[in-house]
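Novice: How does the following fold in three dimensions:
(chains A, B, C and D)
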Number of protein chains: 4
Amino acid sequence: MKITVWNENRHEKTNSVVAENYPEGIHGAIAAFLKEEGHDLTTATLDELDHGLTDKVLEETDVLVWWGHKAHDEVKDEIAEKVKARVWNGMGLVVLHSGHFSKPFTKLMGTGCDLKWREADEKERLWVVDPTHPITEGLSEYIELEKEEMYGEHFDIPTPDELIFISWFEGGEVFRSGPRLNEARGRFFISVPGMRRIQPITIKKFNK
Amino acid sequence: MKITVWNENRHEKTNSVVAENYPEGIHGAIAAFLKEEGHDLTTATLDELDHGLTDKVLEETDVLVWWGHKAHDEVKDEIAEKVKARVWNGMGLVVLHSGHFSKPFTKLMGTGCDLKWREADEKERLWVVDPTHPITEGLSEYIELEKEEMYGEHFDIPTPDELIFISWFEGGEVFRSGPRLNEARGRFFISVPGMRRIQPITIKKFNK
Amino acid sequence: MKITVWNENRHEKTNSVVAENYPEGIHGAIAAFLKEEGHDLTTATLDELDHGLTDKVLEETDVLVWWGHKAHDEVKDEIAEKVKARVWNGMGLVVLHSGHFSKPFTKLMGTGCDLKWREADEKERLWVVDPTHPITEGLSEYIELEKEEMYGEHFDIPTPDELIFISWFEGGEVFRSGPRLNEARGRFFISVPGMRRIQPITIKKFNK
Amino acid sequence: MKITVWNENRHEKTNSVVAENYPEGIHGAIAAFLKEEGHDLTTATLDELDHGLTDKVLEETDVLVWWGHKAHDEVKDEIAEKVKARVWNGMGLVVLHSGHFSKPFTKLMGTGCDLKWREADEKERLWVVDPTHPITEGLSEYIELEKEEMYGEHFDIPTPDELIFISWFEGGEVFRSGPRLNEARGRFFISVPGMRRIQPITIKKFNK
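Specialist: As a prediction, this is how the structure comes out:
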């Protein structure tokens, strides 16, 4: 698959710890492990012309990975609209970290997209609530992550077309962690744990 | 209920037949029959300041009826965003005629909102597919409209949270005529036949 | 509302602690607090003729409350089928305690109805995930129960038509606690915490 | 795939026209064209011991095709329960002709399963309402069948988990022709046109 990893790439420029940890940028780190899985990788960042997302780049991208946090407002509406249109046209979209507030995501949802958030370093369990879904193949009844931030309900998105995982957090919250949003919105899958931390994620061509 | 009827009010200014048929404007005609049902009515039009939709007007509106056709692009993004935010906040929205392409509607849907359309004057039947839904109380198995335009599938909206009516058209099409869109999108109901023709519609406080 | 409380009434006959705590039977205790809320109460038990559920009783019942645990198999298929048919016809059904394995419930679901269970006395939080649903009116973001047993995922029921609450348990599980099952299944609501413990529950005419 | 075609095989014994048209029985005719597609075929009929559906046969069957019409009541509850349990366990089920009233199907649905029916020989169009679903790949906006019987709404099944096709009938009805029923019910797909007429159907391993 042709994957484009987009990053606002700002923390890397202003925070020396981030810069040290990610010498190639957060986008570079994500692209590196996805490349190892055999995909065809490109990166794009906010400060490039058209944020690096030209019509040609979008057209050739099968899955766009989006990492954003503090610069959502600097993304041009025009480019966000193009990303939205490309998703309608079949491109996958994986939003990472605070990507639930990114322009492409909120435009696709039509909702406020807010969620409960708590800085944390605690256990999370993603319970499988739809064991018939192909994405759960080979999983046991839950996935456990030892140290995670907390993203909790109420998550202000449209009713998911399918709900596959529900997260449990040590501190007392729950989260619809594996909603699938359907149809005109292009059948994409929001991998919420991947939204929070940069961790190896495997992107599969998930045909529904 | 406090109902605001919004109309782009352009055909009335450029087409003498429309002007004759609707001396008070299409908005005036709609407001008149809703008033008879005991509601509290206001109107607003595109050419007014802020399209007549000030913060105060929106705040005080329980249900906004939206009639648009050829001037969708002239609606300011800023005002459409305010309508969207007010819907999230509980205001009902009824889009009439070509309102599926109006800015407030497309922004709320997050999808393209296109549909199949055919100028027609033919029989439509709205079959009840969820007879347990309270809105179907007192209806028989279908509602028949003798002369209607055709709005058909595929209608490019998110998967409805509930599907209550399916339309059949003499000419060979079907339509998900009574979808309810849920949750963060404010539990509103798209009355599609009302979208096409100006006909007496009854707006009930439809609490879910 | 006319409410019939059904109970297998076996623990009361074999366990002296139960007998002491519920001198009028568990059904009597449930009926007592529902009566205080102004409803019209009847009770019925397994050992009565037709389990106390004659055609006339079922016909006149608006809501049937079902308490079962160890004698599910002794319920006659014929009576369970009548309960099912009456639910299709509009009667509400509230299953308490182990009622997820009761014949009327499993017949209505068409699924295995198993769930994860752990004897416990721990904190449960029911998070509201659909704050637009009328049943959530007046609630804050969650309901907290100090001491509860654990009923967890995977709960083997059909996909709920609406998901209103998700439970979090201190011990690490989650549960789809407020599913609504729709349509031909009669729009009933499974109040899961009520399933586990006998606690004052308020039954509202929940028209959808 | 290992496919078992089950048939009540009664019309063949009592109606000479049927016997002539289907010298190998309706099950034989269905099995023949499925075999041509490369599947591994077995048949089973009502009058065999255990209706030909032993534990071993069920265990080894990937997809069970069920043709029934006038002898639903003669199917033993015990066998129908085994079919249901096997569907829960992953076996596909395709019900043909009047199979919506067959015991395995009604037990799986938990609903009445009635539908509107009209003997007809008229045009049906199956409109694609979810063009993102993989099963629609390669289809245009509808499938047209020149001569069909009419199966119409209201169809008394649980709310489908996904709705992929809606049928239009020349005579004025509609039908949710491509519902997918999910999860605990084993992710099977009801191919309704196939329910009515014996026509070449292609069974694909439809992993969701």
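Novice: neighbours of the residue nearest to residue A:92 when sequence neighbours are not counted, just the number please.
Specialist: Distances taken as CB to CB, 6 or more residues apart in numbering or on different chains place residue A:63 nearest to residue A:92, at 3.7 Å, with adjacent residues excluded. C-beta here means a position set from N, CA and C on the backbone, and glycine is covered the same way. For residue A:63, the neighbour count with other CB atoms under 10 Å in any protein chain shown is 20.
Novice: can you give me the helices in chain A?
Specialist: In chain A, the segments counted as helices under DSSP state H are A:11-14, A:16-21, A:25-36, A:55-60, A:77-88, A:103-109, A:192-196.
Novice: before we move on, the earlier item: surely the residue nearest to residue A:92 and residue A:3 touch.
Specialist: Yes: if you go by CB atoms under 8 Å, residue A:63 and residue A:3 touch, sitting 4.9 Å apart.
Novice: Could you list the low-pLDDT ranges of chain A?
Specialist: Residue ranges of chain A with pLDDT under 70: A:134, A:178-208.
Novice: and the helices of chain A as TSV, adding mean neighbour count and distance to residue A:169?
Specialist: Listed next are these as TSV, based on neighbours: other CB atoms under 10 Å in any protein chain shown; distance: least, CB to CB, whole Å:
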stretch	mean neighbour count	distance to residue A:169
helix A:11-14	15	25
helix A:16-21	11	25
helix A:25-36	19	24
helix A:55-60	14	35
helix A:77-88	18	29
helix A:103-109	23	22
helix A:192-196	21	11
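Novice: how about these, which one is nearest chain D?
Specialist: Each of the helices of chain A has some distance to chain D by CB to the nearest CB; the shortest is helix A:77-88, at 9.8 Å.
Novice: How far off centre is that closest one?
Specialist: Its chain's C-alpha centre and that of helix A:77-88 lie 16 Å apart, by CA atoms, centre = their mean, to the nearest Å.
Novice: Check which helices and strands that helix sits against.
Specialist: Packing partners of helix A:77-88 (3 or more CB pairs under 8 Å, 6 or more residues apart in numbering or on different chains; DSSP states H and E): helix A:55-60, strand A:63-68, helix A:103-109.
Novice: sorry, back to before: from residue D:126, how far out is the residue nearest to residue A:92?
Specialist: Residue A:63 sits 31 Å away from residue D:126, going by CB to CB, to the nearest Å.
Novice: for residue A:51, same thing?
Specialist: 42 Å.
Novice: now swap in residue A:28 and tell me
Specialist: From residue A:28 to residue D:126 the distance is 49 Å (CB to CB).
Novice: same question, residue A:81
Specialist: 34 Å.
Novice: Same check on residue A:21?
Specialist: From residue A:21 over to residue D:126 (counting by CB to CB), the distance is 55 Å.
Novice: okay, residue A:51 and residue D:126: which has more neighbours?
Specialist: residue D:126 (24 against 20).
Novice: wait, that one sits on residue D:169?
Specialist: No: using CB under 8 Å, residue D:126 is not in contact with residue D:169; the gap is 10.4 Å.
Novice: Up against chain C, what does chain A have?
Specialist: Residues of chain A that fall close to chain C, judged by CB under 8 Å from any CB of the partner chain: A:116, A:125, A:127-131, A:141, A:152-155, A:159, A:162-163, A:166-169, A:172-174, A:176.
Novice: Filter these down to just the ones in strands.
Specialist: A:116, A:125, A:127-128, A:152, A:162-163, A:166-169, A:174 (DSSP state E).
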